[in-house]
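Enquirer: From the sequence below, what's the structure:
(one chain, ligands or ions: 2)
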Amino acid sequence: MPDFFDSDIKFLKGVGEARAKVLSDEIGVANFRDLLYYFPFRHIDRSRFYSISEITGDDFPMVQIKGRFLNFITEGEGLKKRLKGIFTDGRKFIEIVWFSQVQYFSKQYKPGIEYVVFGKPTFYRDIYSIAHPEIEVYNPEKPPTGFRGVYSLTDKLRKKGFSVVTLRKLVEQVLHHPGFRSVKENLPSEIMEQYHLMPLQEAFIHMHFPSSAEMLQKAIERFKFEELFYIELNILRFSMERSLRINGFTFGRIGEKFNGFYYNALPFELTGAQKRVLKEIRADMKTGRQMNRLLQGDVGSGKTMVAFMSMLMARDNGYQSALMAPTEILASQHFETILQWATQIGVSVALLTGSTKTSERRLIHDLLLSGELDIIIGTHALLEDVVQFKNLGLVVIDEQHRFGVAQRARLWKRGETPPHVLVMTATPIPRTLAMTVYGDLEVSLIDELPPGRKPVTTLVRFDSSRIEVDNLIFSQLREGRQIYIVYPLIEDNEKLDLRSLEVGYQRAKDTFLGYEVCYVHGKMKPSEKEYQMNLFVSGKARIMVATTVIEVGVNVPNATVMVIENAERFGLSQLHQLRGRVGRGADQSYCILMSKANAGTDTRKRLGIMAETNDGFLISEADLKMRGPGDMEGTLQSGMPFNLKVANLARDGQIISVARNAAKAILFGNRGLLSAEIMPDSADSIEPIHLPDVEINILRNELKHRFAHEVDWSLIS
Ligand code: ADP
Ligand code: MG
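Expert: Ligands and ions are numbered 1, 2, ... in the order given. Next up is the predicted model:
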């Protein structure tokens, strides 16, 4: 019998094939389960009305206003046609604007009637307006109560006629469907009791249609727990297995290559932090246990050198190494850097990415298998089955967290001794979080920048200071330096953002005559992107206009200016990553955060923090505290090997540790969830919880459902 959960979304009233496809393509909602788990991103208190005078700043959240329309005006022609309603709460005015279905809306609402309007105000031309709000007639007999969910939509969904209201109605249909009562609890009953969790059905109802703030809170807590519990269960299964058959290669000696490089070819003195971290890595790799280490270090702290020298340790013990990067550009930059170092001491290196030519690819495969290649650098392409090593001893994973635990495991055959693993990241992640993302691991920290680095000077500027900014760019160009100009690209509004990037590109060409300008964004074909990037890396182009694709890892020491347009739209941690692209050489560098002249105080405060400090850890802390738009969680969560719907890795530390203990208790008590031969001891003094078979099956199914794309199921079934 097909599960109620699995019913295709197309069977809902008002959906059908075509609209089902849009829902699935745009927000991944293909069946009832997906829809129920498509949670509102916020909830509006229906009993709270705002007065228009309360609305301030340039990023005010959704509001509910009660009032009347004074009149309606139609403006523009054709595609530009729009309808404007002047709406008042009796004291001040706000504009309600419709850009489509003008005809329809002009008949829909009447002046004089009391309405309730919901929407997000934007400030434009001296007045606040709300575009396409939700509107309903106000009934004083039955004033609104409870809470109402707001769902995020994409441009495309809106164009296809989906609104927050349509989505809400779809959810309502599913909740009222008789089959909904058959939805089974997916957490073990003992866990439910122990942690006083709201049952699943009830939680769905209160997540979408909370009757009170308290119920909503309980629903959110339940789903956070559920989400984190399954993540922990999944990750702990791997790490428990790992710690049980943990034998790793013993890299006993420091030999010819390492010493040769260290004494004769090292291009600079290592920092104290680099030395310390190398010692930690060396100590790990000689124990005979598999190393699983996270190397954290701020942008520019010199992680690549640490990676390279670790690879030399592997080489000296007769083993190969692999370095994986999340993008081709990053991989090829690493390749260039490492090739330069490696050739001096006769260590062989190759680059393998999606765009490596077939003939070359074959050759590389052969050399890896025969052991003639010492180091391979690449992207996901390294994970393909055809890539086989003679003896892979060390895997380094650079920047970001795109390679999940299970993906990494693809690098070596089951039953073989696993290579040592070093994960490098510039994102400051607290240790508990790191363990949630990567399983059990040790953490090394590079907390020192190479000497002689001048801290980047950060300036917060508004549109009115364009000329000053242009002059700074000019003077740097004249000194031979290179410039980044970065625009935000937020998926929700991709078209608009691309346009502003194009305009910016044109402006840069027109303004900085005689200097070549290149242009990079995420939607380009990889080959074209590569070409444009190379223009900049080679120094041929002096200015690069780009979206955040450059955020990760690009290294052009000659670049000294980073202009970030619409800086208010970036999270602080993201700004910090971007800023890390400059200040990589010996010259004074500048980061200029541009924003609108009427930026609100929050924006000024947030950007002010950037100007005050260059310390990534302080910034991420501030980011967490301020909870500004696009805050730390964005940086932290983008690129995680899993997606979080409700939980927040940065803020839910408490729930993470509770969920982790619950998952441990379950694994300790139910060996069936691990491979058969394994019996972990309960080292943490956690009481095992034994489950009935029915509940074990539920857990298995959930795990399969949630992590099917990454789990090697031969492990458990
Ligand atoms: P990240 O940690 O951000 O990956 P990189 O490894 O790219 O940083 O290093 C940034 C720059 O600093 C590179 O140009 C690198 O060659 C240089 N560098 C690394 N370590 C040192 C050092 N100890 N002294 C001087 N320069 C260094
Ligand atoms: Mg790096």
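
Enquirer: low-scoring pLDDT stretches of the stretch 551-700 of the chain, where are they?
Expert: In the prediction, the stretch 551-700 of the chain carries residues with pLDDT under 70 at positions 551-553, 599, 620-621, 623-643, 650, 674-685.

Enquirer: quick one: the helices in it?
Expert: With DSSP state H, counting those that start in this stretch as the criterion, the stretch 551-700 of the chain has helices at 572-579, 601-612, 616-626, 632-637, 653-669, 693-707.

Enquirer: Let me know which of those helices is tucked in deepest.
Expert: Ranked by mean neighbour count under mean count of other CB atoms under 10 Å, the helices of the stretch 551-700 of the chain are led by helix 572-579, which reaches a mean of 25. (C-beta placed from N, C-alpha, C; glycine too.)

Enquirer: still on that earlier bit, which one of the helices of the stretch 551-700 of the chain lies closest to ligand 1?
Expert: Nearest to ligand 1, of all the helices of the stretch 551-700 of the chain, is helix 572-579, at 9.6 Å by CB to the nearest ligand atom.

Enquirer: now the closest one: how far from the chain's centre is it?
Expert: 13 Å (CA atoms, centre = their mean, to the nearest Å).

Enquirer: Output the helices of the stretch 551-700 of the chain as TSV; include the columns distance to ligand 1.
Expert: Formatted as TSV, these follow (distance: least, CB to the nearest ligand atom, whole Å):
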stretch	distance to ligand 1
helix 572-579	10
helix 601-612	18
helix 616-626	10
helix 632-637	15
helix 653-669	26
helix 693-707	30
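
Enquirer: So which bits of the longest strand along the chain are buried?
Expert: Longest strand in the chain, counting residues (DSSP state E): strand 63-75. Buried residues in strand 63-75, counted by 16 or more other CB atoms under 10 Å: 63-69, 72.

Enquirer: Which other helices and strands does that strand contact?
Expert: In this structure, strand 63-75 makes packing contacts with strand 82-88, strand 93-98, helix 102-108, strand 115-119, judged by 3 or more CB pairs under 8 Å, 6 or more residues apart in numbering; DSSP states H and E.

Enquirer: Pull the distance from that strand to the chain's centre.
Expert: So, by CA atoms, centre = their mean, the centroid of strand 63-75 is 38 Å from its chain's centroid.

Enquirer: okay, the residue of the stretch 301-450 of the chain at minimum distance from ligand 1: pLDDT?
Expert: Closest to ligand 1 within the stretch 301-450 of the chain is residue 302: 2.8 Å, counting by CB to the nearest ligand atom. pLDDT for residue 302: 92.

Enquirer: Quick check: it touching residue 446?
Expert: Yes: if you go by CB atoms under 8 Å, residue 302 and residue 446 touch, sitting 6.7 Å apart.

Enquirer: and stretch 255-263, does that touch ligand 1?
Expert: No: contact of stretch 255-263 with ligand 1 (CB under 6 Å from any ligand atom) is absent, the minimum separation being 12.3 Å.

Enquirer: how deep is residue 554 tucked in, by neighbour count?
Expert: Neighbouring residues of residue 554 were enumerated by other CB atoms under 10 Å; the total is 22.

Enquirer: how close does it get to ligand 1?
Expert: Residue 554 is 9 Å from ligand 1, where distance means CB to the nearest ligand atom, to the nearest Å.

Enquirer: Hmm, that residue is touching residue 581, no?
Expert: Yes: assessed by CB under 8 Å, residue 554 is found in contact with residue 581 at 5.8 Å.

Enquirer: between residue 302 and residue 446, who's got more neighbours?
Expert: The residue with more neighbours, out of residue 302 and residue 446 and counting by other CB under 10 Å, is residue 446; that gives 24 against 19.

Enquirer: what sits against the closest residue to that one other than its chain neighbours?
Expert: Leaving aside its chain neighbours, residue 446 sits nearest to residue 297 (3.2 Å; criterion: CB to CB, 6 or more residues apart in numbering). Residues in contact with residue 297 (CB atoms under 8 Å, 6 or more residues apart in numbering) are 273, 277, 303, 306, 424, 426, 445-447.

Enquirer: Quick one, which of these has the minimum pLDDT?
Expert: When the contacts of residue 297 are compared by pLDDT, residue 426 scores lowest at 78.

Enquirer: Relative to residue 558, how far out is that residue?
Expert: 21 Å (CB to CB, to the nearest Å).

Enquirer: Give me the more crowded residue out of those two.
Expert: More neighbours surround residue 426 than the other of residue 426 and residue 558, with 25 against 15 (other CB under 10 Å).

Enquirer: What sits closest to that one if chain neighbours are left out?
Expert: Closest residue to residue 426 apart from its sequence neighbours, by CB to CB, 6+ apart: residue 299 at 4.8 Å.

Enquirer: First-to-last residue distance for stretch 360-378?
Expert: Its first and final residues considered, stretch 360-378 spans 14 Å by CA to CA, to the nearest Å.

Enquirer: State the mean pLDDT of that stretch.
Expert: Rounded mean pLDDT across stretch 360-378 is 96.

Enquirer: right, is that stretch up against ligand 1?
Expert: No: judged by CB under 6 Å from any ligand atom, stretch 360-378 and ligand 1 are separated, with a smallest distance of 13.6 Å.

Enquirer: what residues does that stretch touch?
Expert: With CB under 8 Å, 6+ apart as the test, stretch 360-378 has contacts from 311, 315, 320-325, 331, 334-335, 338, 342, 347-353, 356, 382, 386-391.

Enquirer: can we see that at 6 Å?
Expert: For stretch 360-378, the external contacting residues (CB atoms under 6 Å, 6 or more residues apart in numbering) are 311, 315, 320-323, 331, 334-335, 347-353, 386, 388-390.

Enquirer: Restricted to helices, list the residues you listed.
Expert: Under the assignment DSSP state H, these contribute 311, 315, 331, 334-335 to helices.

Enquirer: so which of these is the most crowded?
Expert: When neighbours are counted by other CB under 10 Å, residue 311 leads the ones in helices among the contacts of stretch 360-378 with 29 neighbours.

Enquirer: so what's the nearest residue to that residue once chain neighbours are set aside up against?
Expert: The shortest distance from residue 311 to any non-neighbouring residue, by CB to CB, 6+ apart, is to residue 321 (3.9 Å). Taking CB under 6 Å, 6+ apart, we find residue 321 in contact with 311, 314, 375, 394.

Enquirer: Pairing-wise in the sheet, spell out the partners of residue 321.
Expert: Beta-bridge partners of residue 321, counted by DSSP bridges, are residue 375, residue 394.

Enquirer: got a pLDDT number for it?
Expert: Here the pLDDT value assigned to residue 321 is 97.

Enquirer: Check the spacing between it and residue 588 real quick.
Expert: Per CB to CB, residue 321 is found 36 Å from residue 588.

Enquirer: Ok, residue 501 next?
Expert: Distance of residue 501 to residue 588, computed by CB to CB: 27 Å.

Enquirer: mind checking the SS state of the nearest residue to residue 354 once chain neighbours are set aside?
Expert: Spatially, and ignoring its direct neighbours in sequence, residue 354 is nearest to residue 381 (5.3 Å; CB to CB, 6+ apart). Under DSSP: H, G, I helix; E, B strand; the rest coil, residue 381 falls in the helix class.

Enquirer: just the contacts of residue 297 now: which is nearest residue 181?
Expert: Top of the list for closeness to residue 181, among the contacts of residue 297 and by CB to CB, is residue 426 at 48.7 Å.
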